[in-house]
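In: Structure for the following, please:
(one chain, ligands or ions: 1)
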Amino acid sequence: MVYLVGAGPGDPGLITVRGVACLRRADVVLSDYLVNPELLTLAHPDAEVIALGGHRSRRMETQEEINAQMVAAARQGKTVVRLKGGDPHVFGHSAEETTALEAAGIAYETVPGVTAALAAAAYAAIPITHGRHSSAVALVTGQERSDKTESRLDYGALAEFPGTLIFYMGVTSATEWSAALIRRGKRPETPAMIVRRCSWADQETIRCTLGTVGDVIARRRVRPPAVVLVGEVVGLAPETSWFTARPLFGCRIVVTRPREQANDLAERLRELGALVLMQPAIEISPPCDEQAVDEALERVGDCDWLVFSSANGVRHLLDRLWSRGGDLRRLGAVKLAAIGPGTADALARYHLRADLVPDEFRAESLAESLAGGAAGRRFLLARASRGREVLAEQLAAAGARVEQVVVYQSSDVVTPDPAVAEALAAGQVDWITVTSSAIARALVNLFGDQLRRVKLASLSPITSATLRESGLEPAAEATQYTIAGLIEAIVESQTPARR
Ligand code: SAH
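Out: Alright, predicted model coming up:
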């Protein structure tokens with residue numbers, strides 16, 4: 001079975017529910033170069049994912065080769081997804097593919113997708129049909145096949161078309177097709193818009209007219225993929241659309257949290273319009289001494305307080321408890337303290353409610369909140385292999401009996417991600433998020449002086465102080481020491497004019 005699936009124009013959220021279902025069950029995925037690679041992570045981990053070449057690869061597979069690959073895989077009894085940018089039937093060579101499948105007697109299904117023209121209209125806020133200005137829409141190729149000598153586009157008909165024209169693959173040929181339309185009587189002043197990489201975080205839109213589109217593309221060196229919308233309705237588009245008006249649109253932000261924890265921050269930044277690059281600065285792994293954890297778990301029920309200074313600590317300790325055959329009852333009546341809301345949330349996922357979260361999310365405040373009744377009480381601190389000693393010291397000073405157990409290992413990442421290093425060197429990074437002192441130090445080792453060329457967003461005064469030790473001044477610091485607070489700080493410093 002072969003599924004021809006439309007992947008949409010770029011934003012992974014624009015694939016259909018049916019498309020995702022097909023991807024999940026595929027044994028083989030043949031993916032076009034226009035498809036967002038993020039979608040490929042929806043395929044089963046054991047699926048064979050083949051990325052077909054595009055403009056940037058060394059060679060492009062021929063249509064025959066792609067057909068042969070599809071047929072061969074399907075004949076082996078495999079479920080094949082042929083994932084195509086936009087909609088499979090819109091300038092997607094789908095006829096060649098379905099003909100080959102029919103000839104080979106292979107069953108197929110086509111799952112439509114959001115085609116570039118419709119996505120461009122939505123993301124640039126152009127009403128492509130309109131009661132007064134446009135009663136029809138034409139999807140037009142700017143690239144006629146060289147072997148198609150007879151059926152050239154009828155530019156006379158297109159010039160008189162009572163609606164919006166949308167050109168695909170028309171970047172390199174814009175001078176020709178625009179001149180052809182003008183020669184057949186279409187007004188050179190007709191509004192036009194070039195929409196490049198629509199729905200991607202780096203979407204570009206350029207306003208022009210039918211008469212200037214060729215020059216504008218040449219002067220601004222516009223590269224594919226782009227569609228060009230031509231028609232009176234283009235004049236109705238607002239200066240900024242809902243998409244480009246998002247507070248972090250166009251912002252390139254590097255997220256440096258450990259891989260397991262990065263998604264939440266990355267996702268929220270993307271929602272606000274940012275282009276997110278991932279560069280984990282530290283790695284989280286099980287502790288060197290698991291036995292110490294097991295021993296601590298034996299005694300935890302005798303403690304008065306169990307104190308967590310990170311969500312990682314919660315997960316590692318409680319997962320260990322479970323994997324050793326125990327369960328939450330082992331905790332008994334011990335009270336739970338969490339350094340901040342993220343840590344409290346992690347506890348909540350195990351249906352545990354933190355008895356204490358300090359008003360200010362830092363070790364000093366946690367120590368202060370606990371110190372009052374600490375004398376003579378037993379505290380177990382679940383901590384990282386490296387971390388601050390403040391909490392243990394202050395609790396001990398308040399007369400508490402303090403035991404610390406390392407529940408996870410945190411180590412620096414020492415090799416930069418090539419894509420991030422490249423973007424940084426090219427000056428294509430606006431912000432780097434710095435969400436802990438450990439991350440601050442690891443970043444200095446990873447990127448050194450290059451960090452001076454970007455804005456650093458710090459989670460808290462402690463993190464900022466660590467940055468300053470290396471002579472780096474954060475451009476923004478969270479008021480609330482949480483991920484939400486960090487995002488707010490970036491947004492505020494990014495949009496001073498709007499406040
Ligand atoms: N099947 C695809 C079109 C493939 S032809 C669809 O339905 O969208 C390739 C052309 O599609 C590109 O040259 C460009 O004109 C257009 N295109 C594809 N993705 C695009 C995007 N994200 N933004 C603008 N144009 C895009």
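
In: ok, L370 to the ligand distance?
Out: 53 Å (C-beta to the nearest ligand atom, to the nearest Å). To be clear about C-beta, it is placed using only N, CA and C from the backbone, and glycine gets the same treatment.

In: what sits against that residue?
Out: W305, V307, A337, L356, F379, L395, A398, A400 (C-beta atoms under 8 Å, 6 or more residues apart in numbering).

In: Let me see the contact set for the third one.
Out: The reference is to A337. W305, L306, V307, F308, A354, D355, L356, V357, L366, S369, L370.

In: Could you verify my assumption that the first one touches G372?
Out: The reference is to W305. No. Under the criterion of C-beta atoms under 8 Å, W305 makes no contact with G372, lying 11.9 Å away.

In: part of a helix, is V5?
Out: No. Counting by DSSP: H, G, I helix; E, B strand; the rest coil, one finds V5 to be strand, located in no helix.

In: That one is in contact with V81, isn't it?
Out: Yes. Between V5 and V81 there is a contact under C-beta under 8 Å: 5.4 Å.

In: residues from the stretch 1-150 of the chain in reach of the ligand?
Out: Those residues of the stretch 1-150 of the chain that sit near the ligand, judged by C-beta under 6 Å from any ligand atom, are 9-10, 34, 84-87, 90-92, 115-116, 120.

In: Now tabulate those residues in TSV and tack on secondary structure and neighbour count.
Out: Formatted as TSV, those follow (DSSP: H, G, I helix; E, B strand; the rest coil; neighbours: other C-beta atoms under 10 Å):
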residue	secondary structure	neighbour count
P9	coil	30
G10	coil	26
L34	coil	21
K84	strand	27
G85	coil	24
G86	strand	29
D87	coil	26
V90	coil	20
F91	coil	19
G92	coil	20
T115	coil	23
A116	helix	28
A120	helix	26
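
In: how many neighbours does the closest residue to R220 other than its chain neighbours have?
Out: Nearest residue to R220 in three dimensions, chain neighbours excluded: I206, at 6.3 Å (C-beta to C-beta, 6 or more residues apart in numbering). Residues near I206, counting by other C-beta atoms under 10 Å, number 17.

In: my read is I206 is in a strand, agree?
Out: Yes. Judged by three-state DSSP, I206 forms part of a strand.

In: tell me the contacts of it?
Out: M193, I194, R196, V216, R220, V222.

In: In strands, which of those residues fall?
Out: Among these, the ones falling in strands (DSSP state E) are M193, I194, R196.

In: Closest one of those to the ligand?
Out: Among those, R196 lies closest to the ligand (C-beta to the nearest ligand atom), at 5.8 Å.

In: nearest residue to the closest one other than its sequence neighbours?
Out: Nearest to R196 is A226, by C-beta to C-beta, 6+ apart, at 3.9 Å.

In: So that neighbour sits against M193, correct?
Out: No. With contact defined as C-beta under 8 Å, A226 and M193 do not form a contacting pair (9.9 Å).

In: Please name the nearest non-neighbouring residue to the residue of the chain found nearest the ligand.
Out: The nearest approach of the chain to the ligand comes at G86, 1.9 Å away (C-beta to the nearest ligand atom). Counting by C-beta to C-beta, 6+ apart, T115 is the residue found nearest to G86 once chain neighbours are left out, at 4.3 Å.

In: give me every residue that touches the residue of the chain closest to the ligand.
Out: G6, A7, G8, P9, L34, G92, G113, V114, T115, A116, A119.

In: farthest-separated two in those residues?
Out: G92 and A119 (14.5 Å; C-beta to C-beta).

In: so where's the protein uncertain?
Out: 54-59, 145-151, 496-499 (pLDDT under 70).

In: could you redo the last one with a cut-off of 90?
Out: 33-34, 51-63, 143-152, 259-261, 342, 359-366, 372-373, 386-389, 481, 494-499 (pLDDT under 90).

In: Determine the longest strand present in it.
Out: Under DSSP E, the chain gives strand 401-412 as its longest strand.

In: For the stretch 1-150 of the chain, just list every one of the helices.
Out: With DSSP state H, counting those that start in this stretch, the ranges of helices along the stretch 1-150 of the chain come out as 17-25, 63-75, 94-103, 116-123.

In: Between V5 and V81, which contacts overlap?
Out: With C-beta under 8 Å, 6+ apart as the test, V5 and V81 both reach C22, L23.

In: These two - which one has more neighbours?
Out: V5 (30 against 27).

In: ok, W305 and G372, which is more surrounded?
Out: Taking neighbours as other C-beta under 10 Å, W305 and G372 compare with W305 leading, 21 against 8.

In: still on that earlier bit, which members of the contacts of I206 additionally contact the ligand?
Out: Answer for the contacts of I206 near the ligand (C-beta under 6 Å from any ligand atom): R196.

In: List just the nearest of the contacts of I206 to V300.
Out: R196 (57.2 Å).

In: Tell me how far the closest one lies from V227.
Out: Using C-beta to C-beta, to the nearest Å, R196 is found at 8 Å from V227.

In: Do a quick rundown of the helices in the stretch 251-400 of the chain.
Out: 259-271, 290-299, 311-323, 341-348, 363-371, 390-397.

In: Let me see the contact set for the closest residue to C288 other than its chain neighbours.
Out: Once flanking residues are discounted, C288 sits nearest to Q409: 6.3 Å by C-beta to C-beta, 6+ apart. Going by C-beta under 8 Å, 6+ apart, Q409 touches I284, S285, P286, P287, C288, A384, S385.
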